[in-house]
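J.: build me a model:
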Amino acid sequence: MTDPFFKDVEARMSKCVDACRSEFASIRTGRANPALLDRLHVEAYGQEMPLKQVASISTPDARSIIIGAWDKNVVSEIKKAIEKSDLGLTPNIDGSNIRLVIPPLTEERRKELVKVLKKKAEDSRIAIRNVRHHAHDDVKAQLKRGEITEDDNKQMTDQLQKLTDRYTKEIDVLSAAKEKEIMEV
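T.: As a prediction, this is how the structure comes out:
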């Protein structure tokens, strides 16, 4: 009875970590990374579309990203989307390609990004604790209905805490690695 319960809890906590990982990927460091553009949506063909669906994205070197629009008519929309975003990058248009040069981060900007990173990490830890909280409520309900014993309750509560600790630690490791990457000059 408890095995599918913990598989579900673990899957939900794992999704929290995956969401955190993708949030961290969208934080700009001094290096060019196609993941910076993952959240960008472009007005194309009468609707909002992810940038990945209208162009190819590559990083020829550590300081630039090249966006190759598949349709020349979308280039100006891609440029607008980049300028409206919080990336702080200036697009240079060359035919159907758009080049983004990633400037080195200032010390002040690095510190701001670390604050953003820490906030996103804490939000992810809260999400994991929320999963634990809901699972704990389910365990209490099972105990109340007489489906599990007091010993089962204690065991399941301990196992929930171990899962929470494991996934929280994973967030901490991701956060520390990203912080190191941001602060690297």
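
J.: quick one: the strands in the protein?
T.: 41-44, 47-50, 55-61, 64-69, 91-94, 97-101 (DSSP state E).

J.: let me know which of these is the nearest to Y167.
T.: strand 47-50 (27.7 Å; C-beta to C-beta). (C-beta placed from N, C-alpha, C; glycine too.)

J.: list the buried residues of that closest one.
T.: M49 (16 or more other C-beta atoms under 10 Å).

J.: next one: that strand to chain centre, how far?
T.: Relative to the chain's own centre, strand 47-50 is displaced by 20 Å; criterion: C-alpha atoms, centre = their mean, to the nearest Å.

J.: what ranges do the helices span in the chain?
T.: 2-25, 75-84, 107-144, 150-183 (DSSP state H).

J.: got the domain ranges for this protein?
T.: As given by automatic domain parsing, the domain ranges for the chain are 2-25+106-183, 34-101.

J.: now tabulate those in JSON lines and tack on mean pLDDT.
T.: Compiled in JSON lines, the domains of the chain are given as follows (pLDDT from 0 to 100):
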{"stretch": "domain 2-25+106-183", "mean pLDDT": "90"}
{"stretch": "domain 34-101", "mean pLDDT": "84"}
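
J.: picking up where we left off before, figure out which of the strands of the chain is closest to S76.
T.: Counting by C-beta to C-beta, and looking across all of these, nearest comes strand 91-94 at 8.2 Å.

J.: quick one: contacts of the closest one?
T.: 67, 75, 78-79, 82-83, 98-101 (C-beta atoms under 8 Å, 6 or more residues apart in numbering).

J.: now, the most widely separated pair of those residues?
T.: V75 and V101 (17.2 Å).

J.: most packed of the helices of the chain?
T.: helix 75-84 (a mean of 17; mean count of other C-beta atoms under 10 Å).

J.: by contact count, what packs against it?
T.: strand 41-44, strand 64-69, strand 91-94, strand 97-101 (3 or more C-beta pairs under 8 Å, 6 or more residues apart in numbering; DSSP states H and E).

J.: pipe those into TSV and attach distance to S26 and mean neighbour count per row.
T.: Below are the helices and strands packed on helix 75-84 laid out as TSV (distance: least, C-beta to C-beta, whole Å; neighbours: other C-beta atoms under 10 Å):
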stretch	distance to S26	mean neighbour count
strand 41-44	13	19
strand 64-69	13	20
strand 91-94	17	14
strand 97-101	14	17
